[in-house]
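Enquirer: Just a sequence and a predicted model for now, questions to come.
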Amino acid sequence: LSGSVDDAARRVVTDAGFGPDYKTFTHRLGHGIGLDGHEHPYLVRGSKTVLEPGMTFSNEPGIYLPGDFGLRCEDDMVITAGGPAQLLTPGFAVSLEKPLG
């Protein structure tokens with residue numbers, strides 16, 4: 001279910017000491033990608049959408065420490081037929097000057 005993906009990401013953030021719950025990870029994990037920029041289904045707590053091969057999503061975990069800093073990683077991913085989601089973005093940028101490596 002789509003809500004379980006948000007739950008898993010939130011557990012990683014909380015286990016790293018940046019929790020609990022929505023304390024520093026203040027938004028949903030992601031959303032569907034299609035014709036609109038932000039569309040259903042959403043990767044958010046409680047969402048019951050069954051994930052199917054070919055569905056594409058944003059993957060946007062973030063940690064925000066008010067008054068200090070914030071960080072959001074943004075990737076695109078697709079649900080595969082044989083297993084976990086596959087990231088479609090190449091990974092972290094080398095630098096701001098070389099965002100594509």
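Expert: Right, received. Where do you want to start? Residues are numbered from 1 along each chain as shown.

Enquirer: now the most centrally placed residue in the chain, nearest residue through space, not along the chain?
Expert: In the chain, the centroid-proximal residue (Cα atoms, centre = their mean) is N59; its distance is 2.5 Å. When the adjacent residues along the chain are set aside, N59 lies closest to D75, with 4.5 Å between them (Cβ to Cβ, 6 or more residues apart in numbering). (Each C-beta comes from the backbone N, C-alpha and C, glycine too.)

Enquirer: What count of nearby residues applies to the one you found?
Expert: By other Cβ atoms under 10 Å, the residues close to D75 number 17.

Enquirer: Distance-wise, check it relative to D68.
Expert: In this view, D75 and D68 are 24 Å apart by Cβ to Cβ, to the nearest Å.

Enquirer: what sits up against whatever helix or strand G3 lives in?
Expert: In this assignment (DSSP states H and E), G3 forms part of helix 2-15. Contacts with helix 2-15, where a contact means Cβ atoms under 8 Å, 6 or more residues apart in numbering, come from 19-22, 24-25, 28-30, 41-51, 59, 61, 63, 85.

Enquirer: Helix or strand next in line after that helix, which one?
Expert: For helix 2-15, the following helix or strand on the C-terminal side (DSSP H and E) is strand 30-32.

Enquirer: chain center to that following strand, what's the gap?
Expert: 8 Å (Cα atoms, centre = their mean, to the nearest Å).

Enquirer: Direction included, what does the following helix or strand past it pair against?
Expert: Using DSSP H and E, the next helix or strand after strand 30-32 towards the C-terminus is strand 39-43. Paired neighbours of strand 39-43 in the sheet (DSSP bridges): strand 30-32 (antiparallel).
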